[in-house]
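Q: Sequence plus predicted model, see below.
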Amino acid sequence: MSKIAVCPGSFDPVTLGHLDIIKRGSDIFDKVYVCILNNSSKQPLFTVEERISLLKEVTKDMPNVEVDSFKGLLIDYAASKNAKVVLRGLRAVSDFEYEMQITAMNRKLNENIETLFMMTNSQYSFLSSSIVKEAAKYHGNITDLVPEVVERELQKKFKKART
Ligand code: PNS
């Protein structure tokens, strides 16, 4: 039986921290669906199509990774792909409460799907899409935090917003 995982998130935009988890996940699982879902507490900067395109670009060398999006519950998406595992990155203690809450809810919704956590590489433990956007907005240096293509797209977004 093949081992299938879903790596869910907002990916607004994908960072090197996300990519580290996706890559390590793709080394463990036969298939990883990287799925953009809606986080109702966030207002995205990039459209779903833009985020898909960036994720496809940065995972193009990972043949067992497929990029997707879904409007609905993560657990329903995972079941539709026969995935038994939801893979999430954990950066620091500050992530723990939030992750515990959604994990408990997901387990209540479907107890057959497990959530697995992978500690992010320590060089990315402070990194988030939000902090990258904040730095990019004020033209801070975000090299080494996001893939090059994402850096360019962020620069375009904030250039456009200023004119
Ligand atoms: O990158 P994020 O914003 O931390 O990812 C959170 C995300 C999108 C995975 C989460 O909000 C999610 O699963 N949204 C879909 C709706 C859902 O299933 N919510 C959890 C149970 S109510």
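A: Looks like it came in fine.
Q: Going by C-alpha atoms from here, please, whenever you check contacts or count neighbours.
A: Fine.
Q: which stretches of this structure aren't confidently modelled?
A: Within the chain, the segments meeting pLDDT under 70 span 160-163.
Q: do that again at 50, thanks
A: Scanning the chain with the threshold set as pLDDT under 50 gives 163.
Q: What's the local residue count around the residue nearest to Leu54 when sequence neighbours are not counted?
A: Using Cα to Cα, 6 or more residues apart in numbering and skipping residues adjacent in sequence, the residue nearest Leu54 is Val150, 6.8 Å away. Using other Cα atoms under 10 Å, Val150 has 23 other residues around it.
Q: Confirm that Val150 sits in a strand.
A: No - counting by DSSP: H, G, I helix; E, B strand; the rest coil, Val150 is not part of a strand but helix.
Q: Strands of the protein, start to end?
A: For the chain, the strands defined by DSSP state E occupy 4-9, 31-36, 65-69, 85-90, 114-119.
Q: want to throw those strands into JSON lines with mean neighbour count and distance to the ligand?
A: Shown next, in JSON lines, are the strands of the chain (neighbours: other Cα atoms under 10 Å; distance: least, Cα to the nearest ligand atom, whole Å):
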{"stretch": "strand 4-9", "mean neighbour count": "25", "distance to the ligand": "3"}
{"stretch": "strand 31-36", "mean neighbour count": "23", "distance to the ligand": "7"}
{"stretch": "strand 65-69", "mean neighbour count": "19", "distance to the ligand": "10"}
{"stretch": "strand 85-90", "mean neighbour count": "21", "distance to the ligand": "8"}
{"stretch": "strand 114-119", "mean neighbour count": "15", "distance to the ligand": "11"}
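Q: how about JSON lines for those, with distance to Thr47 added?
A: What follows is the strands of the chain, written out as JSON lines (distance: least, Cα to Cα, whole Å):
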{"stretch": "strand 4-9", "distance to Thr47": "14"}
{"stretch": "strand 31-36", "distance to Thr47": "11"}
{"stretch": "strand 65-69", "distance to Thr47": "11"}
{"stretch": "strand 85-90", "distance to Thr47": "22"}
{"stretch": "strand 114-119", "distance to Thr47": "27"}
